Every structure is written in structure tokens, then in C-alpha cells.
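J.: any chance you can model this:
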Amino acid sequence: MKSILMKVIVLVILFVFFECFSQENENAIHDFFENVKAEPPLERFLYNKTIIENLYIEDLICDENDSLFIRFILNIEIDGSLSVYKLFGFHNQIISEHEMIARLEEIVNKIGKWTPATSQGKAIRSRYTIPLKINCNRIRIENYELR
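T.: Sure thing, here's the model as predicted:
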């Protein structure tokens, strides 16, 4: 009985040891970081403003005096490239959520790659949530003036 118990204890210790020191999955996406968070190519406020300015607001249903609140989650890859993981708060009858995600991906990729997050000095995949408040009246006026 003691030898079986000792074998089980040794196996548990070996399992824990190998779990702790096994290589981390390179494709894992990290939500929390030990070291450094991912950084956009522009200051965060300017980054969000650039996204808003490049959206086609005319296609969005929104009262002139209203604001539209959306947020989306970016997947940030090891090389800093981006993709939109999920979109929240977007309800529109003219364009689909899929089309809005495609537009956001196009905009963020034109702005440029991010500096990826790092953990223990190694670049890792991560996610970042971007909240946007779109003042419909102001954007419509700004878009009109730009044309």
C-alpha cells in the first residue's frame, strides 16, 4: 500500500513540475501581462480619434444630436499586426456588424502596427479593448467641411 501511495505522490510531483516548466503555447492570447502592455503607434486618444474620423458616419443610423457608443476588441499579434476580435454596442439597419468589423480592421491596419505586449522579455499575443464615442452631429459637420 505504501509503495502505491509513494508512486502516486511521485507522479503528482512530476506532473506539477512538468506543467510549471513546460513551454508556453505560442498561440495563446494573453489578457493580463506580467511585464509590458501592447502600445498603439499613436497616443491612445489620437488613435481613437483617427479611427472615428475615418469611419463612414453617413452610413450609421444615429440622430443628429445623439452620440453612438461602440467598443471593439483587437487581437494584437506577436508581430504587432491587428484583427478585430469582437464588436460591442453596434446595432445598425444599414450596415451589418460584419461590414463594420471589416471597416474597423481596414482603418486600424492603415494606422499601423502596434508594439506587441511582452512577458518575461518575449513578445506575446494579446487583446486590447477600444471604446469609441461618436458624436454624430459633430462628425457629420467635420465630414462635410472636409469635402
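J.: could you export the helix or strand encompassing Asn48 as PDB, CA atoms only?
T.: Using DSSP states H and E, Asn48 maps to helix 44-54. Listed in PDB are the C-alpha atoms of helix 44-54, where the atom choice follows Å, rounded to 0.1, in the frame of the first residue of the first chain:
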ATOM      1  CA  ARG A  44      -4.300  56.400 -27.400                       C
ATOM      2  CA  PHE A  45      -6.600  59.500 -27.600                       C
ATOM      3  CA  LEU A  46      -5.200  60.400 -31.000                       C
ATOM      4  CA  TYR A  47      -5.500  56.700 -32.100                       C
ATOM      5  CA  ASN A  48      -9.200  56.600 -31.100                       C
ATOM      6  CA  LYS A  49      -9.800  60.000 -32.800                       C
ATOM      7  CA  THR A  50      -8.200  58.800 -36.000                       C
ATOM      8  CA  ILE A  51     -10.500  55.700 -36.100                       C
ATOM      9  CA  ILE A  52     -13.600  57.900 -35.600                       C
ATOM     10  CA  GLU A  53     -12.500  60.400 -38.300                       C
ATOM     11  CA  ASN A  54     -12.100  57.500 -40.800                       C
END
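J.: so in terms of bridging, what pairs with the closest residue to Glu77 other than its chain neighbours?
T.: Excluding the flanking residues, the one nearest Glu77 by CB to CB, 6 or more residues apart in numbering is Arg125, at 5.7 Å. Heads up, the C-betas are built off the backbone N, CA and C, glycines and all. Under DSSP bridges, the beta-bridge partners of Arg125 are Ile29.
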